[in-house]
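# predicted model and sequence follow; I will ask about them next.
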Amino acid sequence: MLTVIMLIYAIVLVALAAYLYTHRQHDFLTLKTVPEKLGQTLAAYATVLVVAALIAIVSAFVAITWLKLAALVLGALTVGVLGLNLPKYINPDQE
C-alpha cells in the first residue's frame with residue numbers, strides 16, 4: 001500500500017515540475033509574460049521536484065524509511081518555499 005502511495009506522490013511531483021518547467025516563459029498563473037528571473041526560479045524548483053520524485057520512486061521499492069521521509073520532506077519544503085516566494089513575482093510593487 002505504501003508503495004502505491006509513494007508512486008502517486010512521485011506522479012504528483014513530476015506533474016507539478018512539468019507545469020513549472022513548461023510555463024517558465026509564458027502563461028504562468030496570472031502572468032502572460034514571465035520575467036527572466038522568475039523563469040529561472042521556476043526551472044530550479046522544477047529540478048528539485050524531479051529529484052524529490054526520483055527519491056520517492058526509489059523509496060517506493062526499497063524498504064528504507066528515512067528515504068521515504070526524505071522524499072516527503074524535500075517535496076513539501078520545496079513546494080512550501082515556492083508558495084512563499086511567488087507573491088513577490090506576482091505582485092512586484094508590493095515588496
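Thanks, I have it. Numbers count the residues shown, from 1 in each chain.
# what stretches of the protein score poorly on pLDDT?
28, 30-31, 34, 91-95 (pLDDT under 70).
# helices of that one, start to end?
In the chain, the helices defined using DSSP state H lie at 2-22, 36-61, 65-85, 87-90.
# packing partners for the first one?
Counting contacts by 3 or more Cβ pairs under 8 Å, 6 or more residues apart in numbering; DSSP states H and E, the secondary-structure elements packed against helix 2-22 are helix 36-61, helix 65-85. Placement of C-beta: from N, CA and C, glycine included.
# could you list every helix and strand in contact with the shortest one?
The helices and strands touching helix 65-85, judged by 3+ Cβ pairs under 8 Å, 6+ apart, are helix 2-22, helix 36-61.
# ok and it relative to helix 36-61, angle-wise?
Between the axes of helix 65-85 and helix 36-61, defined by axes from the mean of the first three to the mean of the last three Cα atoms, to 10 degrees, the angle is 160 degrees.
# okay, the angle between helix 65-85 and helix 2-22?
Using the same axes, to 10 degrees: helix 65-85 against helix 2-22 is 30 degrees.
# list the contacts of helix 65-85.
By Cβ atoms under 8 Å, 6 or more residues apart in numbering, the residues outside helix 65-85 that reach it are 2, 6, 9-10, 13, 16, 20, 41, 45, 48-49, 51-53, 55-56, 58-59.
# ok, back up a step: please identify which of the helices of the chain is closest to residue 29.
helix 87-90 (6.7 Å; Cβ to Cβ).
# C-alpha coordinates for the closest one, CSV please?
What follows is helix 87-90 as a C-alpha-only set of coordinates in CSV (Å, rounded to 0.1, in the frame of the first residue of the first chain):
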residue,chain,number,x,y,z
PRO,A,87,3.9,36.6,-4.3
LYS,A,88,6.9,38.8,-4.8
TYR,A,89,6.8,37.9,-8.5
ILE,A,90,3.0,38.1,-8.9
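# which strands and helices lie in contact with it?
Of the remaining helices and strands, those touching helix 87-90 by 3+ Cβ pairs under 8 Å, 6+ apart are helix 36-61.
# many thanks, have a good one.
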